[in-house]
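Chemist: Fold the following and give me the result.
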Amino acid sequence: MAKQDLTETVIRLAQHRGFVFPGSEIYGGLRNSWDYGPLGVLLKNNLRDAWWQHYVTSRDDMVGLDAAILMNPKVWEASGHVDSFNDPLVEDIVTHKRYRADHLIEEVTGKSADGLSLEEMAALIKEKKITSPDGHELTEPRVFNLLFETFLGAVEGQKETIYLRGELAQSMFVDFKRVMETTRLKIPFGIAQIGKVFRNEISPGNFTFRTLEFDLMEFEYFVKEADWEKHFDYWLEDMQTWVIEEIGLTKEKLRVREHGPDELSHYSKKTVDLEYDTPSGFKELFGLAYRPHDLENHAAKSGADLQVTDPETKQSYFPQVIEPTFGLTRLMLMVLFEAYHVEEVKGEPRVVMRFKPRLAPYQVAVLPLSRQEELLGVAAPLAAQLRQSWSCDYDVTQSIGKRYRRQDEIGTPYCLTVDFDSLDDKQVTIRERDSMKQERIPLANVEEILAEKLARS
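Modeler: Below you'll find the predicted structure:
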C-alpha cells in the first residue's frame, strides 16, 4: 500500500471504528482538533499506563507529579518561553491565512529548515517561488509565539495575562525542592508527569500528528554535571528499547537524529530526536534533551534556594537535567500505522490491527453464537467475569464471521465463542487474532488459559 493511501485508510478506520473523531464535528469542527472515541481512549490509556509502569512504578529513583495547567506567568517569563518559544510565520496576501514558513520550505525542498534565520527563509521562499497552499504570494516570515494566552480576572480591564502550559517541564522545576524534601530522594532521581500541553500552532496537520493540544509523557532526571553524558546515553538506549520491545514499533522504522547547533532549543545544550518513518517520511516521535541551567535560572529569577548539598563533599550545587519527552498522542498515531495489516483470506481481504495484546482496546471479546436466551445466559456472565481482570467486549450482532472480522479490525487478540455445544460440554471456543487458530477450552478454565496466553504474547 502506498504511504499516502495508508494515511487515508488509517484515518477512515480510526473514525469508523471509534478511535478518533473530528472535534466539534456537528458544528463544522475546529481546525485540527480531535476527540478520542471509545476505542481510542482505551488504546491511549493503555499506552499511558505502560509508560507509567515502565518509567515510574517499576523504579525506585522516580516519582510522579500532577501539576496545575495554569501557572504564574513569571514562570514562563523566567524560562524564556515568552521571548524564545517562537516559530517563523508567513501570511497568504490574498486569504490572510497564516502558515509555518519552515513547513512550507520543507514541503517544497524536501530538506529541513531548522536553524535557518528569517532572512534565509525569506530568500528561499523567493528563490523557490514558494506560494501558499492556495497558490498565492506570501509575506516575509516573522516571529510567532507558540504559547496560548488566556486571562485571569473577573473585571474587564483588570485581567492578567497568563498562559496555558507549552511543556510539562517547568512545573517539575518549580516543585523540585518540595519533591526532594518530601520524598527524601538523592541525586540522581527523576520527577515524571503525564498531561496535556498547548501550542498555538499555525500549521497543524497530518491527522493527529500536530495539534493545538496534545498529551505528553516526560520526566526530568536530575544529575550531577559530571555524570550527564552517562545518563543521557542510558536514557537514549532505554527509550528505543521500550518503544520497540514493549510497544511494538519496528526497529528499522526508527532512527536517531541529533539537533545541529542552530536548531537547539533555547534551554538545551544537546538534543536528539527519536524519529519514526511515517507515511509522510521520518517525523519526530520522542525527544531527549540535556538542560543544564533550568534550576539555576529559576533560582536566580525567583530567589528560591534550589541547590542541593553533595553528601560527600558537602558542597552545594545546582543539579542538571536529562529530559526524555514522549508524545502520547503521536505515539498512538504511530501505533495505529504500525498495527494496520491487510491480508487475503479465502479470496477476501481481512483487516487486522496487530496491537500488542496489553495495548489493545479490548484484550478479549465474548461472542454468543446467537441471541437465544440459553447462550446469552452463559455468555453475559462470562463477559462480566472477565471484565474484572481485562478490558472485554460483548458482541451479539450479525453473523459470527462478521463479528470475528470486526474484532480483527479493532485489534482484539482473543475471541471466546459460546455455542450450543457449550451448554452440554461446558467448553467455549477461543480464537487467536493473528493466526485465526481456534481451540475448545473448558469454561471453568477460561481465566487461567487467557491469562497464560496474554502473558506469552
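
Chemist: now the stretch 1-150 of the chain, which segments are flagged as low pLDDT?
Modeler: For the stretch 1-150 of the chain, the stretches flagged by pLDDT under 70 are 1-4, 84-86.

Chemist: residue ranges of the helices in it, please?
Modeler: Using DSSP state H, counting those that start in this stretch, the helices of the stretch 1-150 of the chain run over residues 3-17, 38-52, 73-79, 81-84, 101-109, 118-127.

Chemist: Out of the ones you listed, which gets nearest to Arg291?
Modeler: Minimum separation from Arg291 across the helices of the stretch 1-150 of the chain (CB to CB) falls at helix 73-79, 10.3 Å. For glycine as for every other residue, the C-beta is placed from the backbone atoms N, C-alpha and C.

Chemist: send the alpha carbons of the closest one over as CSV?
Modeler: Presented in CSV, the C-alpha positions along helix 73-79 are these (Å, rounded to 0.1, in the frame of the first residue of the first chain):
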residue,chain,number,x,y,z
PRO,A,73,3.2,33.9,34.2
LYS,A,74,6.5,34.7,35.8
VAL,A,75,7.4,31.0,35.3
TRP,A,76,7.2,31.3,31.6
GLU,A,77,9.0,34.6,31.5
ALA,A,78,11.8,33.1,33.6
SER,A,79,12.0,30.0,31.5
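
Chemist: just how off-centre is it within its chain?
Modeler: 26 Å (CA atoms, centre = their mean, to the nearest Å).

Chemist: just to revisit the earlier point, with distance to Pro368 added, can I get the helices of the stretch 1-150 of the chain in JSON lines?
Modeler: Shown next, in JSON lines, are the helices of the stretch 1-150 of the chain (distance: least, CB to CB, whole Å):
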{"stretch": "helix 3-17", "distance to Pro368": "21"}
{"stretch": "helix 38-52", "distance to Pro368": "21"}
{"stretch": "helix 73-79", "distance to Pro368": "56"}
{"stretch": "helix 81-84", "distance to Pro368": "56"}
{"stretch": "helix 101-109", "distance to Pro368": "51"}
{"stretch": "helix 118-127", "distance to Pro368": "62"}
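
Chemist: quick one, domains of the protein?
Modeler: 38-71+164-336, 362-456 (automatic domain parsing).

Chemist: From the centroid of the chain, which residue is nearest?
Modeler: With distances taken as CA atoms, centre = their mean, the residue of the chain nearest its centroid is Leu328 (1.4 Å).

Chemist: so what's that one up against?
Modeler: By CB atoms under 8 Å, 6 or more residues apart in numbering, the contact list for Leu328 reads 44, 47-48, 51, 194, 214-217.

Chemist: one step back: let's have the helices of the stretch 1-150 of the chain in JSON lines, adding mean neighbour count and distance to Tyr404.
Modeler: Compiled in JSON lines, the helices of the stretch 1-150 of the chain are given as follows (neighbours: other CB atoms under 10 Å; distance: least, CB to CB, whole Å):
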{"stretch": "helix 3-17", "mean neighbour count": "15", "distance to Tyr404": "15"}
{"stretch": "helix 38-52", "mean neighbour count": "19", "distance to Tyr404": "17"}
{"stretch": "helix 73-79", "mean neighbour count": "18", "distance to Tyr404": "52"}
{"stretch": "helix 81-84", "mean neighbour count": "16", "distance to Tyr404": "51"}
{"stretch": "helix 101-109", "mean neighbour count": "19", "distance to Tyr404": "42"}
{"stretch": "helix 118-127", "mean neighbour count": "15", "distance to Tyr404": "53"}
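
Chemist: among these, which is nearest Gly135?
Modeler: helix 101-109 (12.3 Å).

Chemist: if we can go back for a sec, right, so of the domains of the chain, which gets closest to Leu147?
Modeler: Among the domains of the chain, domain 38-71+164-336 sits nearest to Leu147 (CB to CB), with 5.2 Å.

Chemist: burial of Gln193, as a residue count?
Modeler: Using other CB atoms under 10 Å, Gln193 has 19 other residues around it.

Chemist: and it, what are its bridge partners?
Modeler: Beta bridges link Gln193 to Glu218, judged by DSSP bridges.

Chemist: residues in contact with it?
Modeler: 64-67, 168, 171-172, 217-219.

Chemist: residue contacts, Asp134?
Modeler: With CB under 8 Å, 6+ apart, Asp134 has these contacts: 92, 94-95, 97.

Chemist: Show the buried residues in those residues.
Modeler: The neighbour count (16 or more other CB atoms under 10 Å) marks Asp92 as buried among those.

Chemist: any weak-confidence spans in the stretch 151-300 of the chain?
Modeler: Along the stretch 151-300 of the chain, the parts satisfying pLDDT under 70 run over 154-158, 201-205, 266.

Chemist: Going along the chain, name the strands of it.
Modeler: 160-164, 189-198, 213-223, 254-258, 270-278, 281-291 (DSSP state E, counting those that start in this stretch).

Chemist: Alright, that wraps it up for me.
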